[in-house]
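Colleague: Here is a sequence with its predicted model. Questions after.
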Amino acid sequence: MTSQHSVWTGQLTAPEVSKRRLEFSAMPVTDWPLEIDLAGITRGDSSALALLLELKASSLSAQQSLQFKNPPHSLLTLAKLGGVAALLGWSTPHQPEGINP
């Protein structure tokens, strides 16, 4: 098994998402990290959310427990607007400004 914890930094937009998708598809789900820290992500978009949902679904199918920690405000807001925050484990008591549960 690889590291149980991974830290992602930089942008998580379409070009980077493609690289991450290839990286993860090249290894069995059981070798994926159990936790990915997103605090270092400086920019994310809907393609980032799609990737995170895809990885989460694959991990659940393989009975693995993949968690995404410290999402940046932009991704959290997109996830809440899209109604997928809970699917990513981001149901938190505090809501971003202007976002209703």
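Modeller: That came in fine, so what should we check first? Numbers count the residues shown, from 1 in each chain.
Colleague: Helices of this structure, start to end?
Modeller: Counting by DSSP state H, the segments of the chain that form helices are 14-25, 46-61, 73-81.
Colleague: Which other helices and strands does the last one contact?
Modeller: Okay, so that is helix 73-81. Using 3 or more CB pairs under 8 Å, 6 or more residues apart in numbering; DSSP states H and E as the contact test, the elements touching helix 73-81 are strand 35-44, helix 46-61. Any C-beta I mention is one placed from the backbone N, CA and C, and that applies to glycine too.
Colleague: likewise the second one?
Modeller: Contact partners of helix 46-61 among helices and strands, from 3+ CB pairs under 8 Å, 6+ apart: strand 5-12, helix 14-25, helix 73-81.
Colleague: Please repeat the previous calculation with a cut-off of 6 Å.
Modeller: Contacts defined by 3 or more CB pairs under 6 Å, 6 or more residues apart in numbering; DSSP states H and E place helix 46-61 against helix 14-25.
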